[in-house]
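# Show me the folded form of this:
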Amino acid sequence: MKDSSLPIKVGLFVLLGIAIISLITLFIGQYRVTTGHGYTLNAEFTNVSGLNIMGSVRIAGVEVGDVQDITLDGDRARVVMTIFPDTAVYRDAKVEIKAYGALGDKYIMIYPGTPASGLLSDGDTIATTIAEADISDIVKNLAEISASINEAVGSPETKEDLKDIVSNMKDTTSNLSSITAKINRGEGTLGKLMNDDTLYTDVKESSKTMKDVADKINKGEGTLGRLVQDDSLYTESENTIREFRKAAEGIEEQTPISVMSTIFGLIF
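Residues are numbered from 1 along each chain as shown. Presented below is the predicted three-dimensional model:
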């Protein structure tokens, strides 16, 4: 005969298991709170939305403590943190509330500062807090920007301007396509230059001719080549200049005697 109490026993066993798991979870959480050692630091924030007691406190992504208490101090939220005893936090430290993901749980990130500023001790407050970007404010700003854009674009004047711009772009694109087609067909000056090889051939032949002329000059061929390569012209020119200079000096020496002879002849 089948035992009718078996489902009840199974249900009681499942409930007992759930109860045990719940107690273990609560015990672990309570154990962490009551037996944790270290020192406390405080920080004040304008907004702690999403941050919970027992939330993680981290330095460089490594857990170094947890959130012990969150209270309201005037218009700011005061957060009390328990920091592991072997963790150094300095007086120029900074603190920020961050999230594990875009919509994840919040935790506190501490930037510990520099040893030169001195250590913070139990009960001290981290003076510098980095404001967290509020997602609701970001969404609100995006909505306002979107509304402004819609308002600007939705006006009749803007719509007409956009139509004109689109129309001008279409005309410009059509003109460019027409010009490109003409160039490809070899029409017009630019088309001929792009498609006719005559200019390239002329330039190539001119370059070849100039190269041939330069080669002949270097070889001393032709009148210009002989003038460039033959030193005799330079030597003859130098000798002619030297003779001319001697003749000029002789004229200068004879000039006073000739002048005196002429004057003497006129007087007597």
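# could you pull out the strands for the chain?
Along the chain, counting by DSSP state E, strands occupy 39-45, 56-59, 62-73, 76-83, 94-99, 106-111, 128-130.
# Output those strands as JSON lines; include the columns mean neighbour count.
Where C-beta positions appear, they are placed from N, C-alpha and C, glycine not excepted. Shown next, in JSON lines, are these (neighbours: other Cβ atoms under 10 Å):
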{"stretch": "strand 39-45", "mean neighbour count": "20"}
{"stretch": "strand 56-59", "mean neighbour count": "20"}
{"stretch": "strand 62-73", "mean neighbour count": "15"}
{"stretch": "strand 76-83", "mean neighbour count": "19"}
{"stretch": "strand 94-99", "mean neighbour count": "18"}
{"stretch": "strand 106-111", "mean neighbour count": "20"}
{"stretch": "strand 128-130", "mean neighbour count": "14"}
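# So which of the ones you listed is nearest Ser167?
Nearest to Ser167, of all the strands of the chain, is strand 94-99, at 48.2 Å by Cβ to Cβ.
# Output the strands of the chain as a markdown table; include the columns mean pLDDT and distance to Glu187.
Listed next are the strands of the chain as a markdown table, based on pLDDT from 0 to 100; distance: least, Cβ to Cβ, whole Å:
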| stretch | mean pLDDT | distance to Glu187 |
| --- | --- | --- |
| strand 39-45 | 96 | 73 |
| strand 56-59 | 96 | 72 |
| strand 62-73 | 95 | 73 |
| strand 76-83 | 95 | 77 |
| strand 94-99 | 93 | 65 |
| strand 106-111 | 95 | 69 |
| strand 128-130 | 92 | 67 |
